[in-house]
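Participant: got a structure for you, letters missing:
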Ligand code: ACO
């Protein structure tokens with residue numbers, strides 16, 4: 001028995017924030033953003049839309065593709081760092097919206113690697129007969145924690161959600177191997193300093209703009225370019241699969257230059273790289289599942305093909321998963 005992807009889906013807000021819109025907000029230019037990041041536009045959730053709303057849309061699409069409904073779910077995992085509120089979990093809010101009254105539900109915080117952490121967790125639950133279907137969602141609304149006066153970060157991020165239903169099945173398709181890692185020495189390279197128990201919300205934290213995402217971009221860049229080949233190689237070695245055999249590579253979409261550098265280092269033809277950063281920017285934990293679900297909807301990823309997913313992000317965290325697509 002293997003853990004298979006029974007269905008995938010995604011949702012992005014309709015509202016588009018273009019580079020030229022940003023030119024009117026901070027001292028930046030379309031030329032700078034495109035040449036340094038590859039991003040042309042990103043999606044921004046309306047004021048009254050929270051993470052669970054996008055998660056619900058993506059989950060509905062994944063459930064439909066899987067041919068089941070909310071009541072069939074045994075577990076809901078939501079990977080996010082932009083939950084509806086600090087507690088309770090966005091997974092519980094989603095569970096109620098889906099009418100998934102049999103399902104346990106919890107959130108998982110692993111930055112942009114969150115979705116892969118979620119898949120690995122789901123796989124472990126599915127090793128037990130008690131769990132038949134697990135919904136994994138990666139959802140982010142970074143626009144709610146971005147400082148739109150900080151040109152270093154505000155051009156990079158966008159909102160979205162991606163979801164997959166995982167279950168057990170016979171045959172060769174399914175999750176083949178995974179590996180996860182973390183390096184807490186890099187906590188302050190990408191973080192939101194205030195609002196937790198270390199620095200509770202106060203007039204000072206608000207005035208000091210400490211409830212916004214802060215990032216040391218060039219350090220993250222160097223870390224990513226090193227971590228991607230390392231974790232890709234590790235997961236392929238575990239599986240006994242060569243890079244040549246992989247059909248599609250879905251890296252966390254943080255910067256087109258990171259994707260290009262990784263492809264070069266791993267000697268992978270660009271045609272194998274799944275890329276959507278130009279249209280959505282960095283959607284953190286949603287970036288990998290949205291890229292996969294979109295490629296599946298376009299029939300670019302087909303059943304039986306080998307898909308390598310690699311993530312890196314806040315924590316720092318990193319991870320990779322190799323899947324033979326379909327059930
Ligand atoms: N427009 C114009 N100029 C800008 C902008 C902007 N939007 N942003 C920064 N600059 C300026 C800087 O101020 C700096 O100017 P200075 O030299 O006068 O000080 C100059 O551009 C160069 O800045 P760098 O930070 O060195 O630029 P770099 O080429 O490294 O690109 C970037 C910055 C795009 C942030 C890059 O480092 C990057 O993509 N890093 C990885 C980010 C990332 O992956 N984050 C998330 C990973 S995890 C997750 O997804 C949650």
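Facilitator: Sure thing, it's come through. Keep in mind it's a predicted model, so treat the numbers as computed, not measured.
Participant: does residue 236 really touch residue 249, like I thought?
Facilitator: No: Residue 236 lies out of contact with residue 249 (CB atoms under 8 Å); the separation is 10.8 Å. Quick note: C-beta positions are derived from backbone N, CA and C, even for glycine.
Participant: the two: which has the busier surroundings?
Facilitator: Each of residue 236 and residue 249 has its neighbours counted (other CB atoms under 10 Å); residue 249 has more, 25 against 21.
Participant: distance of the closest residue to residue 19 other than its chain neighbours from residue 39?
Facilitator: Excluding its sequence neighbours, the residue lying closest to residue 19 (CB to CB, 6 or more residues apart in numbering) is residue 30, at 4.0 Å. For residue 30, the distance to residue 39 (CB to CB, to the nearest Å) stands at 10 Å.
Participant: which one of those two is surrounded by more residues?
Facilitator: Taking neighbours as other CB under 10 Å, residue 30 and residue 39 compare with residue 39 leading, 26 against 15.
Participant: so which strand or helix has the more buried one?
Facilitator: Using DSSP states H and E, residue 39 is not contained in any helix or strand.
Participant: before we move on, what about residue 315?
Facilitator: Short version: residue 315 belongs to no helix or strand, going by DSSP H and E.
Participant: what about it, how many residues nearby?
Facilitator: 23.
Participant: residues in contact with it?
Facilitator: 110, 111, 113, 182, 183, 184, 186, 187 (CB atoms under 8 Å, 6 or more residues apart in numbering).
Participant: the fourth one touches residue 313, doesn't it?
Facilitator: No: the pair residue 182 / residue 313 is not scored as a contact, 10.3 Å apart, by CB under 8 Å.
Participant: and the contacts of residue 315 near the ligand, which?
Facilitator: Subset of the contacts of residue 315 in contact with the ligand: residue 111, counting by CB under 6 Å from any ligand atom.
Participant: what's the spacing between the residue nearest to residue 19 and the ligand?
Facilitator: Applying CB to the nearest ligand atom, to the nearest Å, the value for residue 30 to the ligand is 10 Å.
Participant: what does residue 126 give?
Facilitator: 27 Å.
Participant: appreciated, that's everything.
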